[in-house]
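Asker: predicted model, plus sequence, below.
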There are 2 protein chains.
Amino acid sequence: MPASATQALSGPVEDYLKAIYDLERVGEPASTNDIALRLAISPASVSGMVRRLADQGLITHEPYRGVRLTTGGRHAALRTLRRHRILECYLTEVLGYPWDRVHEEAEQLEHAASEELIERMASALGDPKQDPHGAPIPTRDGRVEEVVLLTLSDAPAGERLRVRRVQDEDAERLRYLAELGIRPGSLVRILDKAPFEGPITLWVDEPGGGATRAIGVGLAEQVFVEIASD
Amino acid sequence: MPASATQALSGPVEDYLKAIYDLERVGEPASTNDIALRLAISPASVSGMVRRLADQGLITHEPYRGVRLTTGGRHAALRTLRRHRILECYLTEVLGYPWDRVHEEAEQLEHAASEELIERMASALGDPKQDPHGAPIPTRDGRVEEVVLLTLSDAPAGERLRVRRVQDEDAERLRYLAELGIRPGSLVRILDKAPFEGPITLWVDEPGGGATRAIGVGLAEQVFVEIASD
DNA sequence: AAATATGTTTAGGTCAACCTAAACATTCAC
DNA sequence: GTGAATGTTTAGGTTGACCTAAACATATTT
């Protein structure tokens, strides 16, 4: 049974598709365990859901080799992602939500908001291209340009770096990054990388000058940058 | 187990409580069948849910005599009602939703929106007192003034009447009423009530003059009015 | 007071989405 | 190429929210 038109999907199904999309994007096809870990669900439950998704034609599954989105599945995932990110934009820009609490709220609303609502919000915002954490917003017809970015932990020392995107899942982390002045658009320069997974020391440009900061590798892996062109 | 604090309730539970609140408001305690009819659910299913709600201390149930909200249950119902109505206001006033589609969208969102979101919307609107259909919005601490109103089908002929509220469940009905110029705030006068449940002829004041309209009793029962004081 | 109509509940079943514990398959290291 | 570690699936169970069909209780009419 191939996934044909835009049928309504349940909240959990949308969450699985989003997770699979994201895992696939990073590297190999998503494994049962990866999905389980990311959604905080037992591997056994994932096994069951994977079968259902495959039956619905949203994914293909080669046992022990992982799961891939079909075209239909990818479209469904991108629709949900669009909702999520438009909501995040709207909540921060129009309703004044703080950076770190937006993800959680959008997570709930994305399953309930109609296409019409999302499009009304999008127009009110002038069709934003990125969400508040720097993630690209898929278009109505399911296109995204996913740029491959360096993580701050892999970036070279000495160069001027522009922060492009940060992982938005963990509210506390986001609060901390904001405190350090690290958000999409910020300019930073790595001064030193301590060996053995040690802290990274960097210079963060700020309106009134700048500051030296040190962050751990774990946190640096959540920050995506590109080498500043100019 | 009495309902103490503000626990999260499932969507269906919130829908039951809203329905019971509304039925109770009109008259006698809500019967199993009334609830079933209103929610388009089988009476048997309602029986089951009623037991669960009673176990949770949200309602009291005297078999064959009906169901009543407890204080906790009433508060929960009013919280949901507040969400719903704030959402309706926000969707129409800020996002330009048409009158007749707002109810449906709010019905979905009310179960997903956090208290914080609702309060942010409420402040953005300047704490509205009524939703777009004229229904009063409960306050944060669970107060509503429910005014008893006449239906247009019961109202006396000849008097100047002000439309205060219309039932919002049926989108087509709403569209039709809007066409006739009948919405909260409109001024009307009954010219004639045909006998045997016949049509009601009325004069509807409109910006550029007014018009004579005829509507059936069924529709007139959905329109609440008061005698215009001035 | 019996018969009928109406309203309610019980019995038994389904489906989605989870769970744990146990069995099974694959890969990797030695 | 055997054994351990890792990853996946099956078996069996739970919960919420629904269903139909049948049994039961109350109310109404005659």
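Answerer: Yep, that arrived.
Asker: please count neighbours and contacts with C-alpha atoms only from this point.
Answerer: Fine.
Asker: so residue A:201, which of the three states?
Answerer: Under DSSP: H, G, I helix; E, B strand; the rest coil, residue A:201 falls in the strand class.
Asker: that one and residue A:180, how far apart?
Answerer: To residue A:180, residue A:201 is 12 Å away according to Cα to Cα, to the nearest Å.
Asker: find residues that contact each of the two.
Answerer: The contact sets of residue A:201 and residue A:180 overlap at residue A:213 (Cα atoms under 8 Å, 6 or more residues apart in numbering or on different chains).
Asker: for the helix or strand hosting residue A:119, which residues meet the burial criterion?
Answerer: For residue A:119, the host element (DSSP states H and E) is helix A:115-124. In terms of neighbour count (16 or more other Cα atoms under 10 Å in any protein chain shown), helix A:115-124 has its buried residues at A:117-122.
Asker: enumerate the residues of chain A near DNA strand D.
Answerer: A:31-34, A:43-48, A:62-66 (Cα under 7 Å from any atom of the strand).
Asker: ok, now with 10 Å
Answerer: Counting by Cα under 10 Å from any atom of the strand, the residues of chain A close to DNA strand D are A:29-37, A:42-51, A:61-67.
Asker: what residues are up against residue A:78?
Answerer: Residue A:78 neighbours (Cα under 8 Å, 6+ apart): A:18, A:138, A:142-143.
Asker: let me know the closest of the residues you listed to DNA strand C.
Answerer: residue A:18 (12.7 Å; Cα to the nearest atom of the strand).
Asker: ok but residue A:68 is inside a helix, no?
Answerer: No. Residue A:68: not assigned to a helix; according to three-state DSSP it is strand.
Asker: mind checking how far residue A:10 is from residue A:80?
Answerer: Taken as Cα to Cα, the span from residue A:10 to residue A:80 is 11 Å.
Asker: what is in contact with these two at once?
Answerer: Shared contacts of residue A:10 and residue A:80, counting by Cα under 8 Å, 6+ apart, come down to residue A:111.
Asker: which one of those two is surrounded by more residues?
Answerer: For residue A:10 versus residue A:80, neighbours defined as other Cα atoms under 10 Å in any protein chain shown are more numerous around residue A:80 (24 against 10).
Asker: pretty sure the more buried one is in a helix, no?
Answerer: Yes. Under three-state DSSP, residue A:80 falls within a helix.
Asker: now do the contacts for it.
Answerer: A:14, A:18, A:110-111.
Asker: run through who's touching the helix holding residue A:119.
Answerer: The contact list for helix A:115-124, computed with Cα under 8 Å, 6+ apart, reads A:83, A:86-87, A:90, A:128, B:95.
Asker: possible to save these as TSV with neighbour count, pLDDT and secondary structure?
Answerer: Formatted as TSV, the contacts of helix A:115-124 follow (neighbours: other Cα atoms under 10 Å in any protein chain shown; pLDDT from 0 to 100; DSSP: H, G, I helix; E, B strand; the rest coil):
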residue	neighbour count	pLDDT	secondary structure
A:83	28	98	helix
A:86	26	98	helix
A:87	25	98	helix
A:90	23	98	helix
A:128	19	97	coil
B:95	14	97	coil
